[in-house]
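[1] let me see the structure of the following:
(one chain, ligands or ions: 1)
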Amino acid sequence: LHRLRALGLAARVLDVASDVGGAWYWNRYPGARCDVESVQYSFSFSKELQQTWSWSERFAGQPEILAYANHVADRFDLRRDIQLETRVTAAHFDEQTRRWTISTDRGEQFSAQFCVMATGCLSTAKLPEITGRDSYQGATYHTGYWPHEGVDFTGLKVAVIGTGSSAIQAIPVIAEQAAHLTVFQRTPNYSIPSRNGPMTPDYEGPWKSDYERRRAKARTMRTGILYGVEDETWGLNNVSAMDVSPDERQRIYEERWTVGGTAFMAAFNDLITNEASNDTAAEFVRSKIRETVKDPETAEALCPHDYPIGTKRICIDTDYFETYNRPNVKLVDLRKTPIEAITPKGVRTTAGEQAFDAIVYATGFDAMTGTLMSIDIRGCDGVELREKWAAGPQTYLGLMCAGLPNLFMITGPGSPSVLSNMIVSIEQHVDWLVGALAHMRANGIETIEPRADAEVSWGQHVNEAGHRTLYVKAASWYMGANVPGKPRMFMPYIGGVGVYRQECDDVAAKGYEGFVLTRRDERAVAAE
Ligand code: NAP
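    Next up is the predicted model:
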């Protein structure tokens with residue numbers, strides 16, 4: 001909105017929430033916290049904002065990130081063009097007027113030349129398909145739709161279903177409050193300690209005085225994140241795990257475990273491409289789980305074995321594995337005793353029924369495509385997004401789709417998005433989009449749309465890049481595997497944030513290669 005206004009465009013933002021904040025508005029579960037360091041998970045577009053805002057912790061919690069989102073909305077006077085509590089139900093392109101008609105659940109219709117879907121990758125929460133789910137008579141919560149007034153679990157018997165990033169953050173906090181907590185785990189996850197702590201002047205100062213250089217470097221990294229600033233490696237160890245001795249490997253893993261956070265996966269340069277290297281990192285984390293969790297059977301159940309580390313989103317925790325040493329916490333291994341049903345009183349597995357006062361579903365999202373597919377989007381020549389993506393998302397650069405002129409996606413499937421620092425990727429998409437719109441206005445161009453063949457080639461490239469890694473070996477939400485019936489394909493682009501930015505910039509520099517640009521007088525000026 002800020003950048004569109006600067007271009008001189010009139011813009012309106014529609015959001016179903018009652019306030020700004022997106023993911024950080026909805027995900028208010030206990031322990032919710034970003035696992036990218038806040039000095040990096042923050043906007044870079046305003047130097048003043050960057051210098052004046054101070055984070056209180058290394059990894060800010062949800063309330064602080066939400067306060068930041070509100071601060072940004074106020075600071076840049078954004079609210080007067082944001083319409084809240086409005087769900088977009090449809091977006092139809094009119095081939096005569098060459099404009100989008102956007103319909104909402106309030107019965108309104110908006111007409112716009114451009115439509116930007118900034119709908120997020122993890123915004124459609126998913127409840128599990130378990131028999132009897134609606135028969136349960138206690139309180140139920142989904143981590144992605146947490147009540148704003150909070151939940152007091154004091155004295156209650158609580159069940160958590162799921163052990164992904166959200167659960168791994170929520171479990172230690174709920175365990176401190178509840179009388180008893182039972183965790184129902186289908187697939188164990190690899191998790192690295194965050195080593196979160198208060199922000200100190202010694203840490204914040206060098207970031208603020210060197211922000212421009214560090215941000216510029218981060219934009220060239222694979223994940224858009226700097227893992228270290230001590231030297232010019234920026235925390236990326238550019239050797240294979242196979243090229244060092246076992247002792248040296250162990251030393252490096254220990255060092256990263258002690259520092260904490262996602263830097264663990266940058267310990268060697270081939271952890272996501274070489275199974276033998278990956279195995280060494282996976283075994284290191286399993287050894288830490290066995291060291292931490294006192295009951296050997298629980299420890300073993302918590303050890304992931306059947307997918308490479310990092311190929312389901314790596315989790316970052318505070319005292320997750322330690323929590324299983326508490327007397328009021330029990331793990332149920334659903335691989336041994338699967339859930340048969342949710343009953344009016346609780347959960348029934350093949351081992352019997354257990355009653356609970358509350359069930360927390362930490363069961364994730366219909367990721368990357370769910371929200372876009374929930375909107376009735378129709379473009380030219382009868383193109384409907386739901387039909388077009390029935391066998392999996394197809395995009396050009398994760399930015400646009402053939403047949404949907406002037407409809408942009410921010411961090412769409414086919415872009416690095418969820419494999420990166422989302423703020424870095426959001427800013428890159430906004431920069432690219434604003435550049436495209438400025439180019440169009442300067443040249444009297446009315447519509448921009450990818451060529452069908454450019455979209456096909458990009459899809460092949462995204463797919464090939466995914467298959468060069470170990471990511472495709474896991475039944476993850478990256479692959480659409482968590483939603484029954486969803487096509488299995490690796491949806492984000494693994495080429496890396498730096499490489500991808502260069503590809504997008506090159507496309508623009510070549511006159512928007514792969515796109516058809518149409519002037520007002522209908523003359524195609526498509527790049528060759
Ligand atoms: P998730 O990673 O998809 O985890 C969902 C969990 O629910 C999995 O353990 C899954 O088991 C389980 N589950 C689903 N259906 C089930 C069923 N029918 N029965 C039993 N278990 C079931 O979802 P999430 O934890 O909400 O995280 C989603 C993503 O959001 C993360 O990967 C991350 O990208 C982002 N996130 C980030 C942060 C952060 O920055 N700190 C925090 C939270 C979330 P299976 O694995 O067997 O399917």
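
[2] low-confidence bits of the stretch 51-200 of the chain, can you list those?
    Applying pLDDT under 70 to the stretch 51-200 of the chain picks out no residues at all.

[3] interface residues of it facing the ligand?
    With CB under 6 Å from any ligand atom as the criterion, the stretch 51-200 of the chain meets the ligand at residues 122, 128, 130, 143, 161-167, 169, 184, 186-187. For every residue, glycine as well, the C-beta is placed using N, CA and C.

[4] quickly find the element holding residue 280.
    helix 275-292 (DSSP states H and E).

[5] counting neighbours, what do you get for the nearest residue to residue 93 once chain neighbours are set aside?
    The shortest distance from residue 93 to any non-neighbouring residue, by CB to CB, 6 or more residues apart in numbering, is to residue 379 (4.7 Å). Counted by other CB atoms under 10 Å, the residues lying close to residue 379 total 22.

[6] against residue 161, how distant is whatever residue of the stretch 301-450 of the chain ends up closest to the ligand?
    Here the stretch 301-450 of the chain gets closest to the ligand at one residue, residue 364, 2.5 Å apart by CB to the nearest ligand atom. Note on residue 364: its distance to residue 161, by CB to CB, to the nearest Å, is 11 Å.

[7] what of residue 426?
    Residue 426 is 31 Å from residue 161, by CB to CB.

[8] just residue 258 next, same as before
    Applying CB to CB to residue 258 and residue 161 gives a distance of 32 Å.

[9] which of those two has more residues huddled nearby?
    More crowded of residue 258 and residue 161, by other CB under 10 Å: residue 161, with 25 against 9.

[10] skipping adjacent residues, who's closest to that one in space?
    residue 184 (4.6 Å).

[11] circling back to that earlier point, ok, so of the residues of the stretch 51-200 of the chain next to the ligand, who is nearest residue 372?
    Distances from residue 372 to those, taken as CB to CB, are shortest for residue 122 (12.5 Å).

[12] quick one: the closest one and residue 24 touch, right?
    No: using CB atoms under 8 Å, residue 122 is not in contact with residue 24, being 11.5 Å away.

[13] of the two, who's got more company?
    Neighbours per residue, other CB under 10 Å: of residue 122 and residue 24, the larger number sits with residue 122, 25 against 21.

[14] ok, back up a step: mind giving me the PyMOL command for buried ones among the residues of the stretch 51-200 of the chain next to the ligand?
    Selection of the buried residues among these in PyMOL, burial being defined by 16 or more other CB atoms under 10 Å:
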select buried, resi 122+128+130+143+161+162+163+164+165+166+167+169+184+187
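
[15] name the residues of this structure found near the ligand, please.
    Close to the ligand, as judged by CB under 6 Å from any ligand atom, the chain has residues 33-35, 122, 128, 130, 143, 161-167, 169, 184, 186-187, 313, 334, 339, 362-365, 418, 477, 482.

[16] please narrow these to those residing in helices.
    165-167, 169 (DSSP state H).

[17] which residues of the stretch 51-200 of the chain fall in strands?
    Secondary structure of the stretch 51-200 of the chain (DSSP state E, counting those that start in this stretch): strands located at 82-83, 88-94, 99-104, 109-112, 115-117, 139-142, 157-161, 180-185, 191-193.

[18] ditto for the stretch 301-450 of the chain
    Under DSSP E, counting those that start in this stretch, the stretch 301-450 of the chain gives strands at 315-317, 329-333, 339-342, 346-349, 352-355, 358-361, 376-378, 407-409, 445-450.

[19] dump the ones you listed to TSV, plus mean neighbour count and mean pLDDT.
    Shown next, in TSV, are the strands of the stretch 301-450 of the chain (neighbours: other CB atoms under 10 Å; pLDDT from 0 to 100):
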stretch	mean neighbour count	mean pLDDT
strand 315-317	23	97
strand 329-333	20	98
strand 339-342	18	98
strand 346-349	20	98
strand 352-355	13	98
strand 358-361	24	98
strand 376-378	20	98
strand 407-409	23	98
strand 445-450	21	98
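
[20] can you show me the CA trace of stretch 142-160 as CSV?
    Only the C-alpha atoms of stretch 142-160 are listed here, as CSV (Å, rounded to 0.1, in the frame of the first residue of the first chain):
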residue,chain,number,x,y,z
HIS,A,142,-6.6,-24.4,16.5
THR,A,143,-3.2,-22.7,16.9
GLY,A,144,-3.8,-20.7,13.7
TYR,A,145,-7.1,-19.2,15.0
TRP,A,146,-6.3,-18.7,18.7
PRO,A,147,-8.8,-16.7,20.8
HIS,A,148,-7.7,-13.1,21.3
GLU,A,149,-8.6,-13.1,25.0
GLY,A,150,-6.1,-16.0,25.5
VAL,A,151,-6.9,-19.4,27.1
ASP,A,152,-6.3,-20.3,30.7
PHE,A,153,-5.4,-24.0,30.9
THR,A,154,-4.8,-23.9,34.7
GLY,A,155,-6.0,-27.1,36.3
LEU,A,156,-7.1,-28.6,33.0
LYS,A,157,-6.4,-31.9,31.3
VAL,A,158,-5.3,-30.9,27.8
ALA,A,159,-4.6,-32.7,24.5
VAL,A,160,-2.4,-31.3,21.8
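
[21] what does it contact?
    Outside stretch 142-160, the residues that touch it by CB atoms under 8 Å, 6 or more residues apart in numbering are 26-30, 32, 122, 125, 127, 139, 141, 166-167, 170-171, 174, 177-184, 346-347, 354-365.

[22] do stretch 320-337 as well
    168-169, 171-172, 175, 178-186, 191, 288-289, 292-295, 298-299, 301-302, 349-351.

[23] now do 7 Å
    For stretch 320-337, contacts defined as CB atoms under 7 Å, 6 or more residues apart in numbering pick out 168, 171-172, 175, 178-186, 191, 289, 292-294, 298, 301-302, 349-351.

[24] buried ones among those?
    Buried among the contacts of stretch 320-337 (16+ other CB under 10 Å): 168, 171-172, 175, 178, 180-185, 191, 289, 292-293, 298, 301-302, 349.
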